[in-house]
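Undergrad: sharing a sequence plus its predicted fold:
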Amino acid sequence: LRSLVSDNVEDRLRMQRVRAYQTQQQQARHNEIERIRRRSAAVILERAAFHYDPAIDYCADKSVTIGEMKTICKYCKALKYNGEFTGLCCAEGKVKLPQLVPPPDPLRSLISGIGNDSKHFLTNIQKYNNCFQMTSFGATHIIQDNFMPTFKIQGQIYHLLGTLLPLPDADHQFLQIYFMGNSDAEINNRCAHSPTVKRTIVQQLQMFLHQNNNLVNMFKIALDRMPSDSHNIIIRADKTPAGEHTRRFNSPTIDEVAVVIVGENLQSRDIVLHRRNSDLKRVSETHRSYDALQYPLIFWQGEDGYHFNIKMVNPVTGAETNKKVSAMNFYSYRLMIRQGEVNHILMCQRLFHQFVVDMYVKIETERLTYIRFNQRRLRSEEYIHLRDAINADGNVNNVGRMTILPATYVGSPRHMHEYAQDAMSYVRHYGRPDLFVTFTCNPKWSEIEKELLHSQTPLDRHDITARVFKQKLKSLMNFLIKHCVYGRVRCWMYSVEWQKRGLPHAHKIRPDEIDSIISAEIPDEIVDPKLHAVVTKHMIHGPCGHFNYNSTCMVDGRCSKRYPRELLAETITGNDGYPLYRRRSVANSRRSEL
């Protein structure tokens, strides 16, 4: 055995001496031959992280690829990845909604991304929607960050609806602009609130909505029928026209608007429109016109959004059942990509961001409302609500009136507490973790870029980014756990965070073990050109320092991330648990210099 080991060591030393005298062209030729030979051999992934081979294309392994979006739902024709849940799109045929009609010109050409007008329109699509929205959008706190091109809110979202006509000497706003009676004055009013919009585009969209939006036409007719200011217009939250089948998703008609005298018994979710006063009414998020009033450029016909009376269907017979479609079911269906269908919601870029955030708040509100009205069913002795109230230092008079969020509600204190306890129990039973890995979504993944529409970037399609990231994460866990690339896994856990960045790092591992699986050095471009390209493109900080003093990481003339780091001959474990990785100089290694 000693003789065999000695022979292997001598062979490796001999090959190193031979490579030292080879030209770069000879080395590249040798490496290419070696790659072809090793690709043809079966790849054994167990403990492969400790024996990385640059000649093997790990990315092409079936265990890490997610495939293309080719799986077609047999019920709704939605396109999905192989690893996605079968009920993601339509709950396996139980949710059936009519197709949204793609908009005709001029709106179709404006959202196509082709031409200068379209690019200008999509860049400013939120402002154009604001010009025509019939309700005002508000939130507890709208977060606007110049460095993050995403739409973020904190707290609760609300939509407010005013009256049909303004008070004397008051300006027309929102819905009132539609009834000014003068086309030029209407255009001037819309452009005055958004200086960056183009007048010609506003004129085209104004004519388009007056001709095609059923809500606008409905309000016009109802306004003409109102005998005095003492009458109101009522839009029922769940209206079924007389003599027709249960109305679920159609565009509204004038028959569904009632002109009634003040004082009639109304439902809390109905929309009440006054002819003229100073009141603002909050629109219930479960009203069927909630979406169309706020997003006329998406729901250009005034189509219904989600409401309570949408029934699930039997996937075999198509007959309605007693179960109702949830808000999550409804909007999951709406945001899918389907074979032979143009989903124009996905083409609206920044307005799509706002719409998704708005609708998810609606989903959360529906869940919280259910919990609020089912406290008796959810409460039990194990909640120990009296002890919770005492620990929270609450008012004893309010004991029994609290709304308890169960552990099944994601993000609730009990939910987070249970996960924290699970994590600590892992540590008690198995000891401290060996690896702490950060897995970051790459917007340049081919699976994401393949699904982008014309002139779109990954930032415009959070639906695709989220779906691809989830499938990649599942593949990563399969790669680590089932194929044991770091060895047999005793336990594992992970959490998904928003926009976090960082290199993988390890805790409580000997320095030689760290260097065998983690490298903070740039790979040799000749030996491993693919990894060299990935590292130099995605894993390099900066430029900052004297190369760029205006970098966001610069604080008091220094990089707040402590770059450039010091050169180290070997990895050192720090007192705070974070290792200082080996970074050898170019003279002492075969690494490239950036």
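TA: Cool, got the structure. Every value quoted in this text rests on a predicted model; they were computed, and no experiment measured them.
Undergrad: have a look at the chain and report the helix or strand with the lowest mean pLDDT.
TA: strand 505-506 (a mean of 34; mean pLDDT, DSSP states H and E).
Undergrad: is L568 bridged to anything, and to what?
TA: On the basis of DSSP bridges, L568 is bridged to R583.
Undergrad: quick check: the gap between it and P579.
TA: For L568, the distance to P579 equals 10 Å [Cβ to Cβ, to the nearest Å]. Yep, even glycine has a C-beta here, placed from its N, CA and C like the rest.
Undergrad: the more surrounded of those two?
TA: P579 (21 against 15; other Cβ atoms under 10 Å).
Undergrad: spatially nearest residue to that one (excluding sequence neighbours)?
TA: T573 (4.9 Å; Cβ to Cβ, 6 or more residues apart in numbering).
Undergrad: show me the residue at the heart of the chain, geometrically.
TA: H462 (4.2 Å; Cα atoms, centre = their mean).
Undergrad: residue ranges with poor pLDDT in this structure?
TA: For the chain, applying pLDDT under 70 flags the ranges 1-21, 34-43, 138-159, 162-167, 169-170, 225-278, 378-402, 498-513, 574-578, 587-594.
Undergrad: domains in it, as residue ranges please.
TA: 2-60, 94-151+158-370, 435-588 (automatic domain parsing).
Undergrad: most packed of the ones you listed?
TA: domain 94-151+158-370 (a mean of 17; mean count of other Cβ atoms under 10 Å).
Undergrad: just give me how far that one sits from the chain centre.
TA: 22 Å (Cα atoms, centre = their mean, to the nearest Å).
Undergrad: quick check: end-to-end length of it?
TA: 21 Å (Cα to Cα, to the nearest Å).
Undergrad: in terms of helices and strands, where is N322?
TA: Assigned by DSSP states H and E, N322 belongs to strand 320-324.
Undergrad: distance of T408 from G302?
TA: To G302, T408 is 37 Å away according to Cβ to Cβ.
Undergrad: next, the contact list for K220, please.
TA: Taking Cβ atoms under 8 Å, 6 or more residues apart in numbering, we find K220 in contact with 178-179.
Undergrad: residue numbering should commence at 32 henceforth.
TA: Sure, I'll start counting at 32 from here, so that last one is K251.
Undergrad: I'd assumed it was in a helix, is it?
TA: Yes - counting by DSSP: H, G, I helix; E, B strand; the rest coil, K251 is part of a helix.
Undergrad: who does the lengthiest helix in the chain touch, helix- and strand-wise?
TA: Identified as the longest helix of the chain according to DSSP state H is helix 380-404. Here helix 380-404 touches helix 147-154, helix 156-163, strand 183-192, helix 321-325, helix 358-365, helix 493-512, going by 3 or more Cβ pairs under 8 Å, 6 or more residues apart in numbering; DSSP states H and E.
Undergrad: just the angle for the last one relative to helix 380-404, thanks.
TA: With axes from the mean of the first three to the mean of the last three Cα atoms, to 10 degrees defining the directions, helix 493-512 sits at 70 degrees from helix 380-404.
Undergrad: and if you look at the first one?
TA: Counting by the same axes, to 10 degrees, helix 147-154 lies at 30 degrees to helix 380-404.
Undergrad: contacting residues around helix 147-154?
TA: With Cβ under 8 Å, 6+ apart as the criterion, helix 147-154 contacts 140-144, 159, 229, 232, 379-381, 486.
Undergrad: of those residues, which is the nearest to K127?
TA: C379 (24.1 Å; Cβ to Cβ).
Undergrad: on the three-state scheme, R60 is what?
TA: Of the three states, R60 takes helix under three-state DSSP.
Undergrad: residues contacting it?
TA: Going by Cβ under 8 Å, 6+ apart, R60 touches no other residue.
Undergrad: look up how far H514 lies from N220.
TA: Plainly put, N220 is 63 Å away from H514 if you go by Cβ to Cβ.
Undergrad: revised request: answer the last question for I545.
TA: 21 Å.
Undergrad: cool, K127 as well?
TA: 40 Å.
Undergrad: A strand includes L377, no?
TA: No - assignment of L377 by three-state DSSP gives helix, placing it outside any strand.
Undergrad: and it, what is it in contact with?
TA: 366, 368, 383, 484, 492, 494.
Undergrad: if you set the cut-off to 7 Å instead, what comes out?
TA: Contacts for L377 (Cβ atoms under 7 Å, 6 or more residues apart in numbering) come out as 383, 492, 494.
Undergrad: can you state the direction angle for the longest helix of the chain and helix 358-365?
TA: Relative orientation of helix 380-404 versus helix 358-365 (the same axes, to 10 degrees): 160 degrees.
Undergrad: following helix 380-404, which helix or strand shows up next?
TA: From helix 380-404, the next helix or strand downstream (DSSP H and E) is helix 406-409.
Undergrad: and stretch 87-102, how far from the chain's centre?
TA: Taking Cα atoms, centre = their mean, the mean C-alpha location of stretch 87-102 is offset from the chain mean by 23 Å.
Undergrad: whoops, stretch 503-518 was the one
TA: Remark: stretch 503-518 is offset 24 Å from the chain centroid, using Cα atoms, centre = their mean.
Undergrad: how about it as CSV, C-alpha atoms only?
TA: Output of stretch 503-518 as CSV, limited to C-alpha atoms (Å, rounded to 0.1, in the frame of the first residue of the first chain):
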residue,chain,number,x,y,z
LYS,A,503,-33.2,25.9,-8.4
LEU,A,504,-33.4,25.9,-4.7
LYS,A,505,-35.1,22.5,-4.7
SER,A,506,-32.3,21.2,-7.1
LEU,A,507,-29.6,22.6,-4.8
MET,A,508,-31.2,20.8,-1.8
ASN,A,509,-31.4,17.6,-3.8
PHE,A,510,-27.8,18.0,-4.8
LEU,A,511,-26.6,18.5,-1.2
ILE,A,512,-28.8,16.0,0.6
LYS,A,513,-29.6,13.1,-1.8
HIS,A,514,-26.3,13.1,-3.7
CYS,A,515,-24.2,13.9,-0.5
VAL,A,516,-21.7,16.2,-2.3
TYR,A,517,-20.4,17.3,1.2
GLY,A,518,-20.9,13.8,2.7
